[in-house]
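**Student:** heads up, no residue letters with this:
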């Protein structure tokens, strides 16, 4: 799966799509593949204040609980509640239909310090190589 | 200076698992497949075993033989170290049992097979192989028998599921219809002579465990033939992830979780496998005392009521928010589509329907006590 060119990416495999001062956040295809079948998602409530680098919720597979770290600082304005009944969307459509939260960004410009799609692709390619060494 | 990492032990099929793209994990010092993403992953593997057939490489498990040249020599030794009554085993029969410490707690659980009049095979856990063998050898010293560690001699495959018998039937000349649950036979398997075929398993389904020579080429040949035979039934390779969810649904104990060296037989609710009437065995005196003193905690099955998943090690609270116990194993159950757990709680909280709270990260989520096993395979 290609990484959308207009998103930014974190080392912990979250993506953020910035439109104006709204950021839409999700986890990447690499993350969902590492996790396996997602069975449960825990998201913050609307109004929650998120801090860049701090946990915003969890995604769980049968075997593991994985924390999701917020790529940016801001306030949660929307959550994707379709994931409660269909957590498997995270596996099938991690970059679009399985967005997790929307955030009103405290400082949209901060996001430019995150990896772009090309940098993220190199980053995960290196991780794959390491894993199969 | 960086210290060299202890290398993980590998089964004969290790390279095959890696070629299949399996996700590998360190299990008790062994490099083992946890799931095979290329063929669907954990949930698909679990469902294949419940509805069709799946195959597991369980070669990491250990095997100890106890043999004697004297009539009764091996039986006396086995009776001393194993809590179930081995005198009830016919040649060709196996049963579930445990090896206990003098305080009545677990060295390991074990499947005891009576191979011959004076010959027994104990199949033991991977993570406790060395410990178990040393313990067995030390505890049979006074008996006229020889204990051998033969785990390295075998590749052990578990073929499990409602279609397992049909798969096995294609691979062997042995008459499987007379091999009942927990019985075994020997036969030619994939051209290999005198292979142990046991109707045992750790999934709650019908199935067989076969023990073939450890040689990698032979092991891969057998694995390939199992797959050919299972193709029409949708056979999948299954890893330790599905192995765990299957045994959990069937309420089968896992060493280090439901049983350990600090848990006794009564607490683990394995009473029916401890044949106290057969005479003394290692741990029996302590078990008698423990029963007289009263049992302080028991193993119960839990099902989540609130949305959330209870996992190994999560704490259990009563409705007054007092800590009362711990989850030993907890996970989503792929076949039952519920979130289930096994936990130790005081006897007063063990009645079916009792409500408890499980600490899941920052929340306390409701669960209730349910009957176990959570899953029982349909009677044919």
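**Tutor:** Alright, I've got the coordinates. Note that the coordinates shown come from a computational prediction; the quantities given were computed from them, not determined experimentally.
**Student:** and the residue of the stretch 151-300 of chain B nearest chain A?
**Tutor:** Nearest residue of the stretch 151-300 of chain B to chain A: residue B:241, at 5.4 Å (C-beta to the nearest C-beta). To be clear about C-beta, it is placed using only N, CA and C from the backbone, and glycine gets the same treatment.
**Student:** Excluding chain neighbours, what is closest to that residue?
**Tutor:** residue B:42 (4.1 Å; C-beta to C-beta, 6 or more residues apart in numbering or on different chains).
**Student:** got a list of what the residue nearest the centre of chain B touches?
**Tutor:** Geometric centre of chain B, nearest residue: residue B:202, 4.9 Å, by C-alpha atoms, centre = their mean. Contacts here follow C-beta atoms under 8 Å, 6 or more residues apart in numbering or on different chains; on that basis residue B:202 touches B:58, B:158, B:243, B:246-247, B:252.
**Student:** where does the chain dip in pLDDT?
**Tutor:** Chain wasn't specified; assuming chain A. Low-confidence segments of chain A, defined by pLDDT under 70: A:133.
**Student:** could you do chain B instead?
**Tutor:** B:1-5.
**Student:** and it, which residues reach chain A?
**Tutor:** With C-beta under 8 Å from any C-beta of the partner chain as the criterion, chain B meets chain A at residues B:23, B:34-35, B:37, B:41-43, B:241, B:245, B:307-309, B:311, B:331-332, B:334, B:361.
**Student:** Return the members of those residues classed as buried.
**Tutor:** Buried by 16 or more other C-beta atoms under 10 Å in any protein chain shown: B:23, B:34-35, B:37, B:41-43, B:241, B:245, B:308-309, B:311, B:331-332, B:334, out of the residues of chain B next to chain A.
**Student:** What about the residues you listed, which are in strands?
**Tutor:** B:23, B:34-35, B:331-332 (DSSP state E).
**Student:** residues from chain A in reach of chain B?
**Tutor:** So chain A meets chain B at A:33, A:36-37, A:39-40, A:42, A:58, A:60-63, A:65, A:84 (C-beta under 8 Å from any C-beta).
**Student:** Select the longest helix from chain B.
**Tutor:** Identified as the longest helix of chain B according to DSSP state H is helix B:216-230.
**Student:** If you count neighbours, what's buried in that one?
**Tutor:** B:216, B:218-220, B:222-223, B:225-226, B:229-230.
**Student:** Would you reformat those residues as a markdown table and include distance to residue A:91?
**Tutor:** Below are the buried residues of helix B:216-230 laid out as a markdown table (distance: C-beta to C-beta, whole Å):
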| residue | distance to residue A:91 |
| --- | --- |
| B:216 | 34 |
| B:218 | 37 |
| B:219 | 32 |
| B:220 | 31 |
| B:222 | 33 |
| B:223 | 28 |
| B:225 | 33 |
| B:226 | 29 |
| B:229 | 31 |
| B:230 | 26 |
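**Student:** just these now: which is nearest residue B:49?
**Tutor:** The closest of the buried residues of helix B:216-230 to residue B:49 turns out to be residue B:230 (C-beta to C-beta; 11.4 Å).
**Student:** now that closest one, nearest residue through space, not along the chain?
**Tutor:** Counting by C-beta to C-beta, 6+ apart, residue B:230 lies nearest to residue B:167, which is 4.6 Å off, once chain neighbours are set aside.
**Student:** counting contacts, what elements does the helix or strand hosting that neighbour pack onto?
**Tutor:** Here residue B:167, judged by DSSP states H and E, is contained in helix B:164-171. Applying 3 or more C-beta pairs under 8 Å, 6 or more residues apart in numbering or on different chains; DSSP states H and E, one finds that helix B:164-171 contacts strand B:207-213, helix B:216-230.
**Student:** Residues in contact with it: which ones?
**Tutor:** Contacts for helix B:164-171 (C-beta under 8 Å, 6+ apart): B:53, B:159, B:176, B:189-190, B:197, B:205-208, B:210, B:225-226, B:229-230, B:233, B:235.
**Student:** ok, of those residues, which come out buried?
**Tutor:** Using 16+ other C-beta under 10 Å, the buried members of the contacts of helix B:164-171 are B:53, B:159, B:176, B:189-190, B:197, B:205-208, B:210, B:225-226, B:229-230, B:233, B:235.
**Student:** For residue B:357, give the beta-bridge partners.
**Tutor:** residue B:317, residue B:366 (DSSP bridges).
**Student:** list the contacts for it?
**Tutor:** Contacts of residue B:357 (C-beta under 8 Å, 6+ apart): B:316-319, B:321, B:364-367.
**Student:** How about residue B:375?
**Tutor:** B:50, B:204, B:249-250, B:333, B:335-336.
**Student:** now with 6 Å?
**Tutor:** B:204, B:249-250, B:336 (C-beta atoms under 6 Å, 6 or more residues apart in numbering or on different chains).
**Student:** who wins for neighbours among the residues you listed?
**Tutor:** residue B:249 (24 neighbours; other C-beta atoms under 10 Å in any protein chain shown).
**Student:** Does that one touch residue B:334 like I think?
**Tutor:** No. Between residue B:249 and residue B:334 there is no contact under C-beta atoms under 6 Å: 8.1 Å.
**Student:** how does chain B divide up, domain by domain?
**Tutor:** B:14-59+B:153-249, B:62-149, B:296-370 (automatic domain parsing).
**Student:** Tabulate the ones you listed in TSV, adding columns for distance to residue A:24.
**Tutor:** What follows is the domains of chain B, written out as TSV (distance: least, C-beta to C-beta, whole Å):
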stretch	distance to residue A:24
domain B:14-59+B:153-249	27
domain B:62-149	44
domain B:296-370	24
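**Student:** Residue A:72 is nearest to which of the ones you listed?
**Tutor:** domain B:296-370 (22.4 Å).
**Student:** What residues are bridge-paired with residue A:75?
**Tutor:** residue A:49, residue A:104.
**Student:** wait, it sits on residue A:51?
**Tutor:** No. Using C-beta under 6 Å, residue A:75 is not in contact with residue A:51; the gap is 10.9 Å.
**Student:** just to revisit the earlier point, how close does the residue nearest to residue B:230 sit to residue A:92?
**Tutor:** Here residue B:167 is placed at a distance of 31 Å from residue A:92 (C-beta to C-beta, to the nearest Å).
**Student:** Also residue A:111?
**Tutor:** For residue A:111, the distance to residue A:92 - C-beta to C-beta - is 26 Å.
**Student:** do the same with residue B:346
**Tutor:** 44 Å.
**Student:** How about residue B:366?
**Tutor:** Using C-beta to C-beta, we find residue B:366 at a distance of 31 Å from residue A:92.
**Student:** And the longest helix anywhere in chain A, what's buried?
**Tutor:** When chain A is parsed with DSSP H, its longest helix is helix A:117-131. Neighbour-count burial for helix A:117-131, counted by 16+ other C-beta under 10 Å, picks out A:117, A:120, A:124.
**Student:** Show me which of the residues you listed is closest to chain B.
**Tutor:** Using C-beta to the nearest C-beta, those come closest to chain B at residue A:124, 15.5 Å.
**Student:** residues in contact with the closest one?
**Tutor:** Going by C-beta under 6 Å, 6+ apart, the list of residues near residue A:124 reads residue A:30.
**Student:** change it to 8 Å
**Tutor:** A:13, A:28, A:30.
**Student:** Pull the residues that contact whichever strand or helix holds the last one.
**Tutor:** For residue A:30, the enclosing helix or strand under DSSP H and E is helix A:29-35. Where contact means C-beta under 8 Å, 6+ apart, the residues beyond helix A:29-35 that reach it are A:1, A:3, A:13-14, A:38, A:59, A:61, A:64, A:66, A:90-91, A:94-95, A:124, A:127, B:37.
**Student:** among the residues you listed, which two are most distant?
**Tutor:** Counting by C-beta to C-beta, the most remote pair of these is A:3 and A:64, 23.0 Å apart.
**Student:** Looking at these two, which is more packed in?
**Tutor:** The neighbour count for residue A:3 versus residue A:64, taken as other C-beta under 10 Å, is higher for residue A:3 (19 against 13).
**Student:** Contacts only, for that one.
**Tutor:** A:9, A:15, A:28-29, A:95, A:117, A:120-121.
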